[in-house]
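J.: build me a model:
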Amino acid sequence: MRNSFIGSDPVTLILGDNIFFGGDAFPRAFADFKSGATIFAYHVNDPERYGVVEFGLDGKALSIEEKPEHPRSNYAVPGVYLYDNDVLAIARSLKPSPRGELEITDINREYLRRGTLQVQRLSRGTAWLDAGTSTSLHDASAYVQTIEKRQGIKLGCPEEASLHRGFLSIDEFESVVAAMPKCEYREYLSGVAGEVRRLGIGAA
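T.: Numbers count the residues shown, from 1 in each chain. You can find the predicted model right below:
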């Protein structure tokens, strides 16, 4: 089944209230993805707030439950999902859950039933911050502020990431920065450009 936006392509779904920092699990997962579905698992203290993955002794997923009262593990599913194009038909076939919602966990369950679900556990080097409540949003803000002040970098900076990943040359990067209004963010990016020029990294 086709969709005018997705066509016959695979799909990545990222929930807007998630913040990730560190680790290399996501770039590797995107590079390795071919078919089926890939989701992630992260050890938390309050798994009842999330979709929860139960693992067998062989490390493979046995079950996935949405916000269970009695979680079978402490591994929550964060809001990043990689799907092949079969997800369109699966999503269209969903029925509301007892909570009255169409659950993404039911999509993941279907891939698990088909034997085409991969679950990658995120390492301790990865920070996952769920900013879906006022308390967790405050915690996420404090974490980001601490990292930025300590390391002198900004998190979630698409222009800087594009430069370092080779999507923008240094000349293109500086043109983007020059078009921005004067603000703290522009000053930071100008500093990034100056450092790249001095080190000769990514210079066109």
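
J.: so who does the residue nearest the centre of the chain touch?
T.: Note on the chain: the residue nearest the mean C-alpha position is residue 80, at 4.3 Å, using CA atoms, centre = their mean. Counting by CB atoms under 8 Å, 6 or more residues apart in numbering, residue 80 touches 12-15, 18, 20, 26, 39-40. For glycine as for every other residue, the C-beta is placed from the backbone atoms N, C-alpha and C.

J.: let's see 7 Å
T.: 14, 18, 26, 40 (CB atoms under 7 Å, 6 or more residues apart in numbering).

J.: and if you look at residue 29?
T.: 38, 82, 120.

J.: ok, back up a step: of the contacts of residue 80, which is the most crowded?
T.: Counting neighbours by other CB atoms under 10 Å, residue 40 leads the contacts of residue 80 with 24 neighbours.

J.: host element of that residue?
T.: Take DSSP states H and E as the rule and residue 40 turns out to sit in strand 37-43.

J.: before we move on, the earlier item: tell me the one of the contacts of residue 29 nearest residue 74?
T.: residue 120 (16.1 Å; CB to CB).

J.: so where do the helices sit in the chain?
T.: Secondary structure of the chain, counting by DSSP state H: helices at 25-32, 87-92, 104-114, 134-151, 158-164, 170-178, 184-199.

J.: can you put the ones you listed in JSON lines and add mean pLDDT and distance to residue 58?
T.: What follows is the helices of the chain, written out as JSON lines (pLDDT from 0 to 100; distance: least, CB to CB, whole Å):
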{"stretch": "helix 25-32", "mean pLDDT": "90", "distance to residue 58": "20"}
{"stretch": "helix 87-92", "mean pLDDT": "94", "distance to residue 58": "25"}
{"stretch": "helix 104-114", "mean pLDDT": "95", "distance to residue 58": "14"}
{"stretch": "helix 134-151", "mean pLDDT": "90", "distance to residue 58": "33"}
{"stretch": "helix 158-164", "mean pLDDT": "93", "distance to residue 58": "36"}
{"stretch": "helix 170-178", "mean pLDDT": "96", "distance to residue 58": "46"}
{"stretch": "helix 184-199", "mean pLDDT": "93", "distance to residue 58": "45"}
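
J.: quick check: which of these is nearest to residue 63?
T.: helix 104-114 (7.6 Å).

J.: any idea which of the contacts of residue 29 is closest to residue 54?
T.: residue 120 (15.4 Å).

J.: now the closest one, nearest residue through space, not along the chain?
T.: Closest residue to residue 120 apart from its sequence neighbours, by CB to CB, 6 or more residues apart in numbering: residue 40 at 5.3 Å.

J.: distance of that neighbour relative to residue 27?
T.: 13 Å (CB to CB, to the nearest Å).

J.: quick check, nearest of the contacts of residue 80 to residue 164?
T.: residue 26 (15.4 Å).

J.: could I get the contacting residues of that closest one?
T.: residue 80.

J.: tell me how far it lies from residue 144.
T.: 18 Å.

J.: quick revisit: quick one: average pLDDT of the strand holding residue 40?
T.: Confidence for strand 37-43, expressed as mean pLDDT, is 96.

J.: picking up where we left off before, Serialize the contacts of residue 80 to TSV and add fields for distance to residue 148.
T.: Listed next are those as TSV, based on distance: CB to CB, whole Å:
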residue	distance to residue 148
14	22
18	18
26	20
40	24
